Structure formats: structure tokens, C-alpha cells
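# here are the coordinates; sequence isn't available:
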């Protein structure tokens, strides 16, 4: 019975990971398409929109990585996931800092 619950839990977490990463990719692609159109129309806030879209996409991807830590079985995997989470967190922080700077220029 316990093994069945663990299997169901693992499947739910796997589905959540795939969903979070899929949403992150979709957000990035939609943002990129909008920004390309905005660039062709010479809109001024394209850079800010792109940074916000990238930040949102990274947050979804980071959510997927956090979910992935739930099903990790070995220390090596945990160390690699920890490094990925730190890198994505740093990227998100830098992008939010860039967004703040871009907004303060306005």
C-alpha cells in the first residue's frame, strides 16, 4: 500500500514538473514573439517587456526544479539540482534588478 502511494505521489510530482517547465517555455516563447513584433513596430518598452517575460519564465522553471527536489534519491542529484536552483535564482535576481533599473530610467 505504501509503495502504491509513493508511486502515485511520484507521478503527480513528475506531472507538476513537466507542467511548470512547459508553462515556463510557453511564457518565454509568447514573450519573445510579442517583443519581436514590438521591436518591428519600434516600441520603446520592448526591453522591459522581454526582461519581465524572461523573469516570469525563469520563475516557472525554478518552480519545476524545486518540485524535482522532492523526488531526488541520491546526494549527487541533489547537489546538481541545488546548483541549478542557485544559478536560476541568481539569474532571476539579476533580471529583476535590471527591470528595476529600466523602470527607474522612465
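Nice, I can see it. None of these values were measured; they are calculated from a predicted model.
# the bottom helix or strand of this structure by mean pLDDT?
Across the helices and strands of the chain, mean pLDDT, DSSP states H and E gives its lowest value to helix 75-104, namely a mean of 87.
# which positions within the lengthiest helix in the chain qualify as buried?
For the chain, the helix that runs over the most residues, judged by DSSP state H, is helix 2-40. Taking 16 or more other CB atoms under 10 Å as the basis for neighbour counts, the residues of helix 2-40 that come out buried are 16, 17, 20, 21, 23, 24, 27, 28, 31, 35, 38. Any C-beta I mention is one placed from the backbone N, CA and C, and that applies to glycine too.
# from the middle of its chain, how far away would stretch 67-81 be?
Here the centre of stretch 67-81 is set off from its chain's centre by 18 Å, with CA atoms, centre = their mean, to the nearest Å.
# list the buried ones in that stretch?
The neighbour-count check on stretch 67-81 (16+ other CB under 10 Å) flags 67, 68 as buried.
# how long is it end to end?
With CA to CA, to the nearest Å as the measure, the first residue of stretch 67-81 is 10 Å from its last.
# other SSEs contacting the least confident helix or strand of the chain?
For helix 75-104, the elements it packs on are helix 46-68, judged by 3 or more CB pairs under 8 Å, 6 or more residues apart in numbering; DSSP states H and E.
# so the longest helix of the chain versus helix 46-68, what angle?
With axes from the mean of the first three to the mean of the last three CA atoms, to 10 degrees applied, the angle from helix 2-40 to helix 46-68 works out at 170 degrees.
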